[in-house]
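Colleague: What shape does this take:
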Amino acid sequence: MGKDKRKLTEKELKRKDDFEKFTSEMQQNGYEAKSMIFNMKQANYLGPLSILPFMAFTLWIYYNVNGFDLEGISLGLAAAAFLLIPCLIILHELIHGITWGSFAKNHFHSIDFGFIWSSFSPYCTCSEPLKRWKYLLGAAMPTLVLGGGIAAVAVITNQLLLLFLAEVMIISGGGDFLIILKILLYRTDKKKSVYCDHPYECGFVVFEK
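Modeller: Below you'll find the model as predicted:
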């Protein structure tokens, strides 16, 4: 982890130990491990930067359908929208867990939630290896539901505050989008592969043979 090295929590240390045992078992079975991770500083600035085109596209659609009318926004509604953001961020992580948990053999026993205080980042992680498309869907689902879904409702109902919440949820998925890009751009000639969350870093590990 270099300069960004941080002290791991007890939960993270246990996941680290379990992951090392799993890696050893996979290597004994002929699999090669390839780590695809970002440090938190990279994720915190590259994630939002990479997802800006989607935010701009959402804004463009809303403006072309509804324009911008600020008259219907009261101070109370604006305050309520800001108060909703922490709830939606928690829901974002829950959607990760629900999606991955529905695919995992041990279901929600394989899902863990936590918070990295050094970067003020909540997270959800799955300890089981998953097929590529299952891992990819779990990474994308929160932004699709909370970003794309709320944006669609905002356009249909002409609610500018909902558009604001949608944009916040889209930019919150910036780190996920970096992972999605890593998955989509990764090419291999191996016939077998599974994807597993890194136990304490932002990213994943591919096991392939």
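Colleague: helix or strand right after the helix or strand containing residue 166?
Modeller: Secondary structure from DSSP states H and E places residue 166 in helix 160-172. Remark: after helix 160-172, the chain's next helix or strand is helix 174-185, criterion DSSP H and E.
Colleague: distance of the residue most central in space within the chain from residue 89?
Modeller: Residue closest to the average C-alpha location in the chain (Cα atoms, centre = their mean): residue 176, at 3.4 Å. Shown here: residue 176 relative to residue 89, a distance of 12 Å by Cβ to Cβ, to the nearest Å. Where you see a C-beta, it was placed from the backbone N, CA and C, and this is true even at glycine.
Colleague: Wasn't residue 113 part of a helix?
Modeller: No - counting by DSSP: H, G, I helix; E, B strand; the rest coil, residue 113 is located in no helix; its state is strand.
Colleague: okay, now it: neighbour count?
Modeller: 14 (other Cβ atoms under 10 Å).
Colleague: pLDDT weak spots in the protein?
Modeller: Low-confidence segments of the chain (pLDDT under 70): 1-5, 72.
Colleague: residue ranges for the strands of it, please.
Modeller: Ranges of strands within the chain are 32-38, 111-116, 121-126, 193-197, 202-208, based on DSSP state E.
Colleague: right, and the ones you listed - which one's nearest residue 78?
Modeller: Ranking these by proximity to residue 78 (Cβ to Cβ) places strand 121-126 first, at 23.9 Å.
Colleague: List the strands paired with the closest one, with their directions.
Modeller: According to DSSP bridges, strand 121-126 has the following sheet partners: strand 111-116 (antiparallel).
Colleague: Would you mind writing the CA trace of the partner strand as PDB?
Modeller: Below are the C-alpha coordinates for strand 111-116, written out as PDB (Å, rounded to 0.1, in the frame of the first residue of the first chain):
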ATOM      1  CA  ILE A 111     -21.100 -10.000   2.700                       C
ATOM      2  CA  ASP A 112     -19.400  -7.600   5.000                       C
ATOM      3  CA  PHE A 113     -19.900  -3.800   5.500                       C
ATOM      4  CA  GLY A 114     -17.600  -1.300   7.000                       C
ATOM      5  CA  PHE A 115     -16.200   2.200   7.000                       C
ATOM      6  CA  ILE A 116     -12.700   3.400   6.300                       C
END
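Colleague: What are the contacting residues of that strand?
Modeller: Strand 111-116 is contacted from outside by 6, 9, 11-12, 15, 40, 93, 97, 100-101, 104, 121-127, using Cβ atoms under 8 Å, 6 or more residues apart in numbering.
Colleague: Keeping just the C-alphas, turn the helix holding residue 166 into PDB.
Modeller: The C-alpha coordinates for helix 160-172 follow below in PDB (Å, rounded to 0.1, in the frame of the first residue of the first chain):
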ATOM      1  CA  LEU A 160     -34.900  19.400 -10.000                       C
ATOM      2  CA  LEU A 161     -34.100  18.200  -6.500                       C
ATOM      3  CA  LEU A 162     -34.400  14.600  -7.600                       C
ATOM      4  CA  LEU A 163     -32.000  15.400 -10.400                       C
ATOM      5  CA  PHE A 164     -29.600  16.800  -7.800                       C
ATOM      6  CA  LEU A 165     -29.800  13.500  -5.800                       C
ATOM      7  CA  ALA A 166     -29.300  11.500  -8.900                       C
ATOM      8  CA  GLU A 167     -26.200  13.400  -9.800                       C
ATOM      9  CA  VAL A 168     -24.900  12.800  -6.200                       C
ATOM     10  CA  MET A 169     -25.600   9.100  -6.600                       C
ATOM     11  CA  ILE A 170     -23.800   9.000  -9.900                       C
ATOM     12  CA  ILE A 171     -20.700  10.700  -8.700                       C
ATOM     13  CA  SER A 172     -20.800   8.400  -5.600                       C
END
